[in-house]
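> okay, here's the prediction I keep looking at, along with the sequence it came from:
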Amino acid sequence: MTQATTPSRSSRTVRDVVKRAGSAVFRIIGSATAGSRPVPDFLLVGTKRGGTTSLYYDILKLPQVIPLFPSAKRLPKANETKGVHFFDSNFWRGERWYRSYMPSRSARRRAERAVGKRVIVGEASPYYLFHPLAAERAAALVPDARIIVLLRDPVMRTYSHWKERRRSDAEPLEFAEALQAEDARLAGEEKRLRDDPSYYSYAHEQQSYVTQSRYVRALRTWVELFGMENILVLASEAYYSDPASTMKTIAEFLGIDYAPMADAEHRNAAVGDGIDPQTRERLASLFSEDNAELEALIGRRLPWT
């Protein structure tokens, strides 16, 4: 019996180089044919650490949803591309670059012949919800897109966001210290993002633990630009407890057929110790007013309130 071996560092390096080179070639091809690549039909815009990765790959299991270009079948990678981050961090690259990720009209027609019905395309970039210019940019380029928002208990989202940063050795501070440092870290960052389309703020995306959990301010901008009737707000807790019901709701919202699938897979979970009860209670109190405004905006109760 042949013993399984772990790929060497050199083989992984070669594979990574080939992957990057292949991706660059596809971006060139996609950009050159951007005129034949329609913009996406839906955007999954947030929230970070809310389960968007799991949800997007479940949406891709619906027969009438096709992946971004190129499909993972054409590259040495495990998963389909999830998000493009165009309306937040890559807007400076231009519309042709964004369209380079979209399937061509001919690819859509082939998929439609195979499925026997129309197909749709979407992407999931969870920073879109929070970035101060993303909604405005999206409304200008994809005004007819359907918007899906997946929100999580803001207390646990805040904690999970911090755990993710600690897990990747990107956050030197303990949880309480990081929350205390947040205002100073974010000072002036939103203005810089608004003033300079090419500016990227690590602090604004990755160290805004509490601020990104104040959902109502960010969501209100999307509602003003797209209309509540074109926005589907989901709760992560409901999705994980009953994925089939959530997927039926999404299929109806997107105007496609629902097809039963295997249980949802929880991806990118941030393992670690749980949040202590006192901190949880303090954060719950902090978010209470935001939660009330959010429920008033969407017109229904949320599972964590």
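All right, it came through fine. Numbers count the residues shown, from 1 in each chain.
> do a quick rundown of the helices in the stretch 101-250 of the chain.
According to DSSP state H, counting those that start in this stretch, the stretch 101-250 of the chain carries its helices in the segments 105-115, 134-141, 154-167, 175-186, 189-195, 202-206, 215-226, 236-241, 243-254.
> can I get those in CSV with mean pLDDT?
Shown next, in CSV, are these (pLDDT from 0 to 100):
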stretch, mean pLDDT
helix 105-115, 97
helix 134-141, 98
helix 154-167, 96
helix 175-186, 97
helix 189-195, 98
helix 202-206, 98
helix 215-226, 98
helix 236-241, 96
helix 243-254, 97
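> turn these into TSV, columns for mean neighbour count and distance to A72.
All C-beta atoms are positioned from the backbone trio N, CA, C, and that covers glycine. TSV is the format used below for the helices of the stretch 101-250 of the chain (neighbours: other C-beta atoms under 10 Å; distance: least, C-beta to C-beta, whole Å):
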stretch	mean neighbour count	distance to A72
helix 105-115	14	14
helix 134-141	19	25
helix 154-167	22	24
helix 175-186	15	35
helix 189-195	14	32
helix 202-206	17	25
helix 215-226	19	29
helix 236-241	17	23
helix 243-254	17	21
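> could I get those as a markdown table with distance to G94?
Converted to a markdown table, the helices of the stretch 101-250 of the chain look like this (distance: least, C-beta to C-beta, whole Å):
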| stretch | distance to G94 |
| --- | --- |
| helix 105-115 | 20 |
| helix 134-141 | 11 |
| helix 154-167 | 30 |
| helix 175-186 | 28 |
| helix 189-195 | 18 |
| helix 202-206 | 21 |
| helix 215-226 | 21 |
| helix 236-241 | 33 |
| helix 243-254 | 27 |
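> P76 is nearest to which of the ones you listed?
helix 105-115 (20.3 Å; C-beta to C-beta).
> touching that closest one from outside, list them.
The contact list for helix 105-115, computed with C-beta atoms under 8 Å, 6 or more residues apart in numbering, reads 36-38, 63-64, 66, 69, 103, 118-119, 121.
> coming back round to it: I59: which of the helices of the stretch 101-250 of the chain is closest?
Among the helices of the stretch 101-250 of the chain, helix 243-254 sits nearest to I59 (C-beta to C-beta), with 6.3 Å.
> which helix or strand lies directly C-terminal to the closest one?
helix 277-298 (DSSP states H and E).
> and that next one, what does it pack against?
Counting contacts by 3 or more C-beta pairs under 8 Å, 6 or more residues apart in numbering; DSSP states H and E, helix 277-298 packs against helix 154-167, helix 215-226.
> burial count for P38?
Around P38 there are 14 other residues, counting by other C-beta atoms under 10 Å.
> is it true that it touches R118?
No - look at P38 against R118 with C-beta atoms under 8 Å: they stay out of range, at 12.0 Å.
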